[in-house]
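J.: 3D, please:
(2 chains)
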Amino acid sequence: MPLHNAEMASVFEQIADLLEIQGANPFRVRAYRNAARSVGEFGKSVPAMIEQNEDVKRIAGIGDDLAAKLREIAATGTCELLTRLRAEMPAAITELLQVQGLGPKRVRALYDALHVQTIEQLREAAEQGLIRTVPGFGEKTQAHILERLEAHAHKSRRFALAFAERDALPLLAHLRTGKGVEQAVVAGSFRRRCETVGDLDILATARDGRAVIEHFVRYGEVRQVLARGDTRSSVVLASGMQVDLRVVEPESFGAALVYFTGSKAHNIAMRRIAQGLRLKINEYGVFRGEDRIAGRTEESVYAAIGLDWVPPELRERHGEIEAAHAHTLPCLIERADLVGDLHAHTRASDGRASLLEMALAARERGLQYLAVTDHSSGADGTRGLDAAHLGRQIDEIDALNRTLHGVVLLKGIEVDILEDGRLGLPDAILERLDIVVGAVHTGFDLPRARQTERVLRALEHPSMSILAHPTGRLIGEREPCDIDLVRVMRRARALGCHLELDAQPNRLDLTDTYCRMAKAEGVLVAIDSDAHDSAGFDDLRYGVDQARRGWLETKDVLNTRGLDALRPLLRASASRLERTS
DNA sequence: GCCGTTTTCGGCCCGACTGTTTTCAGTCG
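T.: Numbering: from 1, shown residues only, chains lettered A, B, ... in the order given. The predicted structure is shown next:
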């Protein structure tokens, strides 16, 4: 069973945790954490690179030693250092680091004094009042540990971005009613439009920080106040979401916004550049000695160190710093660039609106065309169309298009890709369509080779236009299927097929990394709503967010094309255009 | 353990808050 990057990264993470608890050199620990992150996020399969004798030292943070360890992990599944660390210290102890407020030093102290190794033992020790007897711990710390354990048990690790928005927007509205509040914005992973966020980081500007903090903790949804100072505070909302607020003076807004938007790796890279220029960046500004030379706006902060302003979605230390320096940052796609949608459902399958309702809703949102792609029959758990029913829908759409103004419906289908790679409807009916969107709805757990062959075969079908939600993942619910998307992309490009970025907030499939790979491979991405009712079109913006994280520009996205430019790019209609001309 | 516009050694981002202290360590972001 071949390893994945995530598993290799996990070995490094475990080593970092154990080293840290043992009190190792913090920079060595950081080296393992940096390496874990680079490997985990690396676009290509690291085990495959090793197999093909590619140099893994070109991955950021990998030097001679860690390259050797990667090869060792690829060969054996683990590495000798981790085995040795586990022999010296119970491996389960690292789970204690997940409890908020417990870091390596305290975990070590509790282990040495009380032999606490697990969450359960920690709870028992706290309930029996033993924690406060350990040097450096007291009543309050013991009580906090019990509280945080409670939170730990209930907390789902991360929230979908759309879920976080439901907390963020009313909270911002509350903050803005505070006396003396000039600005209040969400920073952090929310602003970078990560598909999930662990907490909300809010930045406000005001002269009197304390007053803003007091106003903040009085917000009705606040269930628990974790910290409250003069310039920052942390609370937990009723939804379980943690919110961190920072208040700075308006002169520092730009610097603080850069700082709290992150990512951490992006900030560290910026500070290193500043160091080289004998400047210092912190959340209050850019400083030469005591003089603040920038900080009111983000642009001023980037400019002070010779960089173009970087869109938040790119701030992941994935090459954006170099691009900002060379003035080669991409001009990222925006929602308004989408002029159509190529994947939507109606009541004919599992949608909740009629053809006409969907057409009007699409037009209302500025779309010039909408592909109607109901499910084919046989899809698990969904009502679908057989050939006869689809034939009637085709006639219905033709009739409707004669009366519609300002929007055109394209005749399409979301057809099942069967386990052997055939499509779930006869060729004769597929040939009558403008667009064929193929999707895997069963057999998500096929082995990698079979899953890949299955999809490659489907792409070969002459009517196939777009591969929908290519990995099938549902965030927090279903893992992506195991498939070699590089091969899929290369074949798609050769055949004139396209890959979808399904914009539903719990799908966002393709991921940002795969979007970037698609761009590199020259495959167009279709950002589709997969709408099941008229409100579903509003999800397109999440797809655009994800596409921006994947460095996509207007030219990289299929449905930025007007209808005339689009038709020849859809194989189904292209082949018919050829026949009729 | 990595890395180089201080390049093979000596650095490695920086500040706020809390609790347990009695001037600071630990944790977090």
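J.: Name the nearest residue to the residue in the stretch 151-300 of chain A positioned nearest to DNA strand B, sequence neighbours excluded.
T.: Here the residue of the stretch 151-300 of chain A nearest DNA strand B is residue A:229; by C-beta to the nearest atom of the strand that distance is 2.3 Å. Just so you know, the C-beta spots here come from the backbone N, C-alpha and C atoms, and that holds for glycine as well. Distances taken as C-beta to C-beta, 6 or more residues apart in numbering place residue A:213 nearest to residue A:229, at 7.2 Å, with adjacent residues excluded.
J.: Just the element for the one you found, please.
T.: If you go by DSSP states H and E, residue A:213 is part of helix A:209-217.
J.: Give me the residue ranges of the stretch 451-581 of chain A where confidence is low.
T.: For the stretch 451-581 of chain A, applying pLDDT under 70 flags the ranges A:572-581.
J.: just to revisit the earlier point, between the next helix or strand after the helix holding residue A:213 and helix A:209-217, how big is the angle?
T.: Sequence-wise, the next helix or strand downstream of helix A:209-217 (DSSP H and E) is strand A:222-228. Angle, strand A:222-228 to helix A:209-217, by axes from the mean of the first three to the mean of the last three C-alpha atoms, to 10 degrees: 160 degrees.
J.: is the helix or strand just after strand A:222-228 up against DNA strand B anywhere?
T.: Elements were assigned by DSSP H and E; along the chain past strand A:222-228, the next helix or strand is strand A:232-237. Yes: against DNA strand B, strand A:232-237 shows contacts by C-beta under 7 Å from any atom of the strand at A:232-234.
J.: Just put the residues you listed in TSV and tack on pLDDT.
T.: Below are these laid out as TSV (pLDDT from 0 to 100):
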residue	pLDDT
A:232	90
A:233	92
A:234	90
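J.: Most neighbours out of those, which is it?
T.: Per-residue neighbour counts (other C-beta atoms under 10 Å) across the residues of strand A:232-237 next to DNA strand B peak at residue A:233, which has 24 neighbours.
J.: Does it have any beta-bridge partners, and if so which?
T.: Beta-bridge pairing for residue A:233 (DSSP bridges): residue A:228, residue A:245.
J.: my read: residue A:182 touches residue A:209, true?
T.: No: Residue A:182 lies out of contact with residue A:209 (C-beta atoms under 8 Å); the separation is 12.0 Å.
J.: Neighbour count: these two, which is higher?
T.: More crowded of residue A:182 and residue A:209, by other C-beta under 10 Å: residue A:209, with 21 against 13.
J.: how would you label the spatially closest residue to the more buried one that is not a sequence neighbour: helix, strand or coil?
T.: Closest residue in space to residue A:209, ignoring its immediate chain neighbours: residue A:247 at 3.9 Å, by C-beta to C-beta, 6+ apart. Residue A:247 falls in the strand class when you classify it by DSSP: H, G, I helix; E, B strand; the rest coil.
J.: Report the contact partners of residue A:247.
T.: A:203-206, A:209, A:212-213, A:231-232 (C-beta atoms under 8 Å, 6 or more residues apart in numbering).
J.: pLDDT at it, what is it?
T.: Confidence at residue A:247, expressed as pLDDT, is 93.
J.: how close does it get to residue A:80?
T.: As judged by C-beta to C-beta, to the nearest Å, residue A:247 and residue A:80 stand 49 Å apart.
J.: So residue A:228 sits against residue A:217, correct?
T.: Yes: taking contacts as C-beta under 8 Å, residue A:228 lies within contact range of residue A:217: 5.9 Å.
J.: What degree of burial does residue A:257 show, as a neighbour count?
T.: Neighbour tally, residue A:257, other C-beta under 10 Å: 23.
J.: Please identify which helix or strand holds it.
T.: helix A:253-261.
J.: Residue A:129 contacts residue A:142, doesn't it?
T.: Yes: using C-beta under 8 Å, residue A:129 makes contact with residue A:142 at a distance of 7.0 Å.
J.: Pick out whichever of the two has more residues nearby.
T.: A side-by-side neighbour count of residue A:129 and residue A:142, using other C-beta under 10 Å, places residue A:142 first with 19 against 10.
J.: which ones are touching the spatially most central residue of chain A?
T.: Taking C-alpha atoms, centre = their mean as the criterion, residue A:195 is the residue nearest the geometric centre of chain A, at 3.2 Å. For residue A:195, the contacting residues are A:160-161, A:475, A:505, A:508, A:511-512, A:546, by C-beta under 8 Å, 6+ apart.
J.: Next step: the residues you listed restricted to helices.
T.: Among these, the residues falling in helices (DSSP state H) are A:161, A:512, A:546.
J.: Which of these has the largest number of neighbours?
T.: Counting neighbours by other C-beta under 10 Å, residue A:546 leads the ones in helices among the contacts of residue A:195 with 29 neighbours.
J.: re the thing from before, list the helices and strands the helix holding residue A:213 packs on?
T.: Counting by 3 or more C-beta pairs under 8 Å, 6 or more residues apart in numbering; DSSP states H and E, the packing neighbours recorded for helix A:209-217 are helix A:161-176, strand A:222-228, strand A:232-237, strand A:242-248.
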